[in-house]
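Asker: Please find the sequence and the predicted model below.
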There are 6 protein chains.
Amino acid sequence: MYTVTVRDHFMIAHSFKGEAFGPAQRLHGATYVVDLEFRRAGLDANGMVVDIGRAGEVLRAVVLGLSYRNLDEEPAFAGRNTTTEFLARVVFDRIVEAIGRDELGAGARAVESLRVTLHESHVAAASFEGRVSAAP
Amino acid sequence: MYTVTVRDHFMIAHSFKGEAFGPAQRLHGATYVVDLEFRRAGLDANGMVVDIGRAGEVLRAVVLGLSYRNLDEEPAFAGRNTTTEFLARVVFDRIVEAIGRDELGAGARAVESLRVTLHESHVAAASFEGRVSAAP
Amino acid sequence: MYTVTVRDHFMIAHSFKGEAFGPAQRLHGATYVVDLEFRRAGLDANGMVVDIGRAGEVLRAVVLGLSYRNLDEEPAFAGRNTTTEFLARVVFDRIVEAIGRDELGAGARAVESLRVTLHESHVAAASFEGRVSAAP
Amino acid sequence: MYTVTVRDHFMIAHSFKGEAFGPAQRLHGATYVVDLEFRRAGLDANGMVVDIGRAGEVLRAVVLGLSYRNLDEEPAFAGRNTTTEFLARVVFDRIVEAIGRDELGAGARAVESLRVTLHESHVAAASFEGRVSAAP
Amino acid sequence: MYTVTVRDHFMIAHSFKGEAFGPAQRLHGATYVVDLEFRRAGLDANGMVVDIGRAGEVLRAVVLGLSYRNLDEEPAFAGRNTTTEFLARVVFDRIVEAIGRDELGAGARAVESLRVTLHESHVAAASFEGRVSAAP
Amino acid sequence: MYTVTVRDHFMIAHSFKGEAFGPAQRLHGATYVVDLEFRRAGLDANGMVVDIGRAGEVLRAVVLGLSYRNLDEEPAFAGRNTTTEFLARVVFDRIVEAIGRDELGAGARAVESLRVTLHESHVAAASFEGRVSAAP
């Protein structure tokens, strides 16, 4: 199995609902440093998993769609707690959609699975990994 | 698969038995930076893998049980080489026990597997991963 | 010159006023990983710059006073842009005040200067450094 | 599953063939920081996955065989794009060969799989993982 | 003293002349991860050291002027060893020139000094720091 | 001012005397990741601050002189608390001595000052910096 990983970040405000969250029920925010890993069994004719330049552009587009926002006011997340693990899944789904629209090139359809990791501090992170074909 | 990871550390003295260890047969020590990863297929009603606050507290309790000790004198490790990989398993077993005692909340019983990584320097690390149900 | 550095973090929401900030004029947020460096010419009788345990506790108290808040609503910051460099100075001032109240021990009055660095992502940081005696 | 990981690095020049590479078609270079992970189900009699000292030496030998070279002129890579993912496989194959020659000790034959990760910058990495027995 | 730091990277090929360089006399290459630190005594009316968005753009322009090149063939470096410390100075000079051309905004002329650090691997780095007014 | 920094590490056991140390009065240990920074105003004829290969060898020799030891039993440290800041000074002094013995080459006598930083965990570090000529 080969992988390629690219990194970017986004900065948001949000709050959580539920006593389990303690002080994080107040409006606060986070920087998420995102690692996006593409996985496939073999390399393409160029010797690549994906075009790493395009991969970076697609990730940039996804993080720009989340950046500098108060997630509590985003209709897409109404009624949801935008935890780190939930947001890892959001990034995963949006990258899968971009692959489906061939934004990473037709060759990227050979990518079998993705792992999206969001680092929220130097001591905490969350991730979602799954097959590309299994996405909604 | 979703994951959440929390980080802490502990500092111990120990020595190793066996020629393979070379100068590490002498009494020395290490700082272990610990990454504890929880894995499960879905999120709970709050949108979480585990309560990250409780996860940090449980990891803190486990590292405090190892910190500032000479492991050569710990009855629990008598006759064993407390290598980095061995200690990763020790941390794994103690976290599984804490889950069994519901210290992470009843919901944490949905956690399927853990990965415990111990970084012993900027150039070396070891880990143990396994299913929660498979623990002793 | 000797130094000791301790690390902690806090997570906040805020927005900026001024066209220079572009999309950061919207309500968003950040994780700040804080490095607090204490500097003095010599060591105390214990061989320390400061009691590192107390240093960590004092830093923890300061970050808890900022954590999980919307800084736009904090009276202390009214009319100010809470940029990373501005917040580095806020942390500096609060640590100097704690030293003045002997929360780090009487010996900590020998600390000559501090450097406070706030990392806002994997690609950006800001800091404030100054003499302890020169603080307001 | 237990793992042990050791880190080293190498610095090379190369260029890529194919429009997908854009400016990287020009002769340029890279530092690759290499993480080599060994995996096996149990520990040996010493409590180890592999002898970590030997593991470091074997990795050092492999990176020295690549270091300070223009990969465009290496016969072994003629007609190939030496992408990060391709080079991760090269390191994997050479470590598997070293295991086959017992350079890591006879016990290392119990290693089931390896993961080789090459970090090419603070924002990009690639890896190859596979079973030791499946190598050419 | 306040600082703001931004990070980017570039990848180049080069070789060194002189026996002191050993195998690095052969054509090879490097990834340089660049930290650019701006320093000034006070903040501007926005509460900033420099406009961090513009700072990132200016650094990007400078690294693009070096990226994906064989430095042995760059007329600007003829007869020079492009060591990490030498290249730190090159980046410093080019940033000072950009400040002089007001590319960072007129306010950036209040920046007193810069520190440019180039990380060439996980175990080696070099830097140049100096006053902006003292640049050639 | 130019700098070059090299990194290595050592692993030791020790204990501290004094109530201020709390549980660290027990025998324990640490991994110290060492950053050694050399500083000088100009570059030598090769374009270097110091020969980075030799710098790494000299640092390796110093860390080997400390590695895999119980510092409580080292005559050189009798009656002293081997805190992180104290050990930073020890490494500083030993590097200055190596420069005096020309182990870094005669050119290294132009190095004006050093900064030695010891990272004891992901959340704590200490350093000593001073002029080479001011060393004992």
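Answerer: Structure's in. What do you need?

Asker: Going by C-alpha atoms from here, please, whenever you check contacts or count neighbours.
Answerer: Fine.

Asker: show me where chain A has helices.
Answerer: A:52-64, A:84-100 (DSSP state H).

Asker: out of those helices, nearest to E:Gly18?
Answerer: Among those, helix A:52-64 comes nearest to E:Gly18, with 36.2 Å by C-alpha to C-alpha.

Asker: Out of the helices of chain A, flag the one nearest E:Asn70.
Answerer: helix A:52-64 (20.5 Å).

Asker: just so I know, which of the helices of chain A lies nearest D:Ser15?
Answerer: That would be, of these and by C-alpha to C-alpha, helix A:52-64, which comes in at 15.1 Å.

Asker: any residues touching the closest one, and which ones?
Answerer: A:4, A:6-10, A:36, A:91, A:94-95, A:98, A:103-104, D:21 (C-alpha atoms under 8 Å, 6 or more residues apart in numbering or on different chains).

Asker: got a list of what the most centrally placed residue in chain A touches?
Answerer: Most central in chain A under C-alpha atoms, centre = their mean is A:Val91, positioned 2.6 Å from the mean C-alpha point. Taking C-alpha under 8 Å, 6+ apart, we find A:Val91 in contact with A:Val62, A:Val63, A:Val116.

Asker: May I see those residues organised as CSV, with pLDDT and neighbour count added?
Answerer: Output for the contacts of A:Val91, formatted as CSV (pLDDT from 0 to 100; neighbours: other C-alpha atoms under 10 Å in any protein chain shown):
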residue, pLDDT, neighbour count
A:Val62, 98, 20
A:Val63, 98, 20
A:Val116, 98, 27
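
Asker: TSV for those residues, including distance to E:Pro75?
Answerer: As requested, the contacts of A:Val91 are exported to TSV (distance: C-alpha to C-alpha, whole Å):
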residue	distance to E:Pro75
A:Val62	40
A:Val63	39
A:Val116	43
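
Asker: who in chain A is up against chain D?
Answerer: A:1-8, A:46-49, A:51, A:53 (C-alpha under 8 Å from any C-alpha of the partner chain).

Asker: Please pick the buried ones from those residues.
Answerer: Among those, the ones that count as buried by 16 or more other C-alpha atoms under 10 Å in any protein chain shown are A:1-8, A:46-49, A:51.

Asker: thinking again about what came up before, can you pick out the most distant pair from the residues of chain A next to chain D?
Answerer: A:Asp8 and A:Asn46 (24.5 Å).

Asker: hmm, back to that, what about the buried ones among the residues of chain A next to chain D, which are in strands?
Answerer: A:Tyr2, A:Thr3, A:Val4, A:Thr5, A:Val6, A:Arg7, A:Asp8 (DSSP state E).

Asker: Among the residues you listed, which one sits closest to D:Glu112?
Answerer: The closest of these, once distances to D:Glu112 are taken by C-alpha to C-alpha, is A:Tyr2, at 17.2 Å.

Asker: and that closest one, what are its bridge partners?
Answerer: A:Arg40, D:Phe128 (DSSP bridges).

Asker: Pretty sure it sits against A:Gly47.
Answerer: No - A:Tyr2 is not in contact with A:Gly47 according to C-alpha atoms under 8 Å; the separation is 10.7 Å.

Asker: Nice, that's everything, thank you.
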